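Asks: okay, predicted coordinates and the sequence, questions at the end:
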Amino acid sequence: DQQVKQNSPSLSVQEGRISILNCDYTNSMFDYFLWYKKYPAEGPTFLISISSIKDKNEDGRFTVFLNKSAKHLSLHIVPSQPGDSAVYFCAASRNQGGKLIFGQGTELSVKP
Amino acid sequence: GAGVSQTPSNKVTEKGKYVELRCDPISGHTALYWYRQSLGQGPEFLIYFQGTGAADDSGLPNDRFFAVRPEGSVSTLKIQRTERGDSAVYLCASSLIPASQDTQYFGPGTRLTVL
């Protein structure tokens, strides 16, 4: 039972353009959502998060949007840079001590 | 300061053997988490500790898996009678408190290969 899904395994974007990564979830009890970024041979690194009481959170080039009715969230990166090339995971939590449920990941490639 | 460290970085073992994977969390972090990441998948929750006690071990796949954190700092994940299906990257994370809104900091992981 995959409660958090990232249906696009990969995404390729030109430098300077917008990258949009998508994530869907099935459990309406999730109340906190996060995006992590992962480079090869490293652990995931926290990027940005959003509480279920909000529909948008912005941090520099990164913005996360949450649509609770559609059980969908997205991460926008503007402008995209080659250093953004990595695997991006979305994750969700039910405030159960911080246990995170991750999606399968989307590999982003930003071409110069 | 130092981040989360995990040893060994790589472990190759034979089917049926016992292995121990170690995690050193960030100093002062009370919550410690173990996840497992198989190829092409996201990290999958195994267990988390609040201090010395396991607060949620619902993700441990079976009784061959066990984890301890005897002094509330370092944690060891123990796998008995390893199987080929146990091959994965085992990730450890820590956070200041065990709350969903507290950032989890991940270590680089231990890549376990069971032959």
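Replies: Happy to help now that I have it.
Asks: quick check: buried residues in stretch B:47-61?
Replies: B:47-50, B:54-56, B:59-60 (16 or more other CB atoms under 10 Å in any protein chain shown). Any C-beta I mention is one placed from the backbone N, CA and C, and that applies to glycine too.
Asks: same question, stretch A:31-47
Replies: Buried, per 16+ other CB under 10 Å, within stretch A:31-47: A:31-38, A:43-44, A:46-47.
Asks: next one: stretch B:6-14
Replies: For stretch B:6-14, by 16+ other CB under 10 Å, it's B:6, B:11, B:13.
Asks: what is the nearest of these to chain A?
Replies: Nearest to chain A out of those is residue B:6 (CB to the nearest CB; 8.2 Å).
Asks: just the strands in chain A please.
Replies: In chain A, the segments counted as strands under DSSP state E are A:4-5, A:10-14, A:19-25, A:32-38, A:45-51, A:56-59, A:62-67, A:72-77, A:86-93, A:101-102, A:106-111.
Asks: could you check the angle strand A:32-38 makes with the third one?
Replies: This means strand A:19-25. Angle of strand A:19-25 versus strand A:32-38, following axes from the mean of the first three to the mean of the last three CA atoms, to 10 degrees, is 130 degrees.
Asks: starting at the chain centroid, how far to strand A:19-25?
Replies: Centroid displacement of strand A:19-25 relative to its chain, using CA atoms, centre = their mean, to the nearest Å, is 6 Å.
Asks: next one: stretch A:61-69
Replies: For stretch A:61-69, the distance to the chain centre is 9 Å (CA atoms, centre = their mean).
Asks: just the pLDDT for residue B:97.
Replies: At residue B:97, the model reports a pLDDT of 76.
Asks: neighbours around it, how many?
Replies: 12 (other CB atoms under 10 Å in any protein chain shown).
Asks: same check on residue A:67?
Replies: With other CB under 10 Å as criterion, residue A:67 counts 11.
Asks: I'd say residue A:13 and residue A:112 touch.
Replies: No. In this structure, residue A:13 is not within contact of residue A:112 by CB atoms under 8 Å, at 11.2 Å.
Asks: hmm, back to that, of the strands of chain A, give the one that comes closest to residue B:18.
Replies: strand A:101-102 (27.8 Å; CB to CB).
Asks: surely residue B:73 and residue B:24 touch.
Replies: Yes. With contact defined as CB under 8 Å, residue B:73 reaches residue B:24; the gap is 7.5 Å.
Asks: coming back round to it: JSON lines for the strands of chain A, including distance to chain B and mean pLDDT?
Replies: Listed next are the strands of chain A as JSON lines, based on distance: least, CB to the nearest CB, whole Å; pLDDT from 0 to 100:
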{"stretch": "strand A:4-5", "distance to chain B": "8", "mean pLDDT": "97"}
{"stretch": "strand A:10-14", "distance to chain B": "11", "mean pLDDT": "98"}
{"stretch": "strand A:19-25", "distance to chain B": "10", "mean pLDDT": "98"}
{"stretch": "strand A:32-38", "distance to chain B": "4", "mean pLDDT": "95"}
{"stretch": "strand A:45-51", "distance to chain B": "5", "mean pLDDT": "94"}
{"stretch": "strand A:56-59", "distance to chain B": "12", "mean pLDDT": "97"}
{"stretch": "strand A:62-67", "distance to chain B": "14", "mean pLDDT": "98"}
{"stretch": "strand A:72-77", "distance to chain B": "15", "mean pLDDT": "98"}
{"stretch": "strand A:86-93", "distance to chain B": "4", "mean pLDDT": "96"}
{"stretch": "strand A:101-102", "distance to chain B": "3", "mean pLDDT": "95"}
{"stretch": "strand A:106-111", "distance to chain B": "10", "mean pLDDT": "98"}
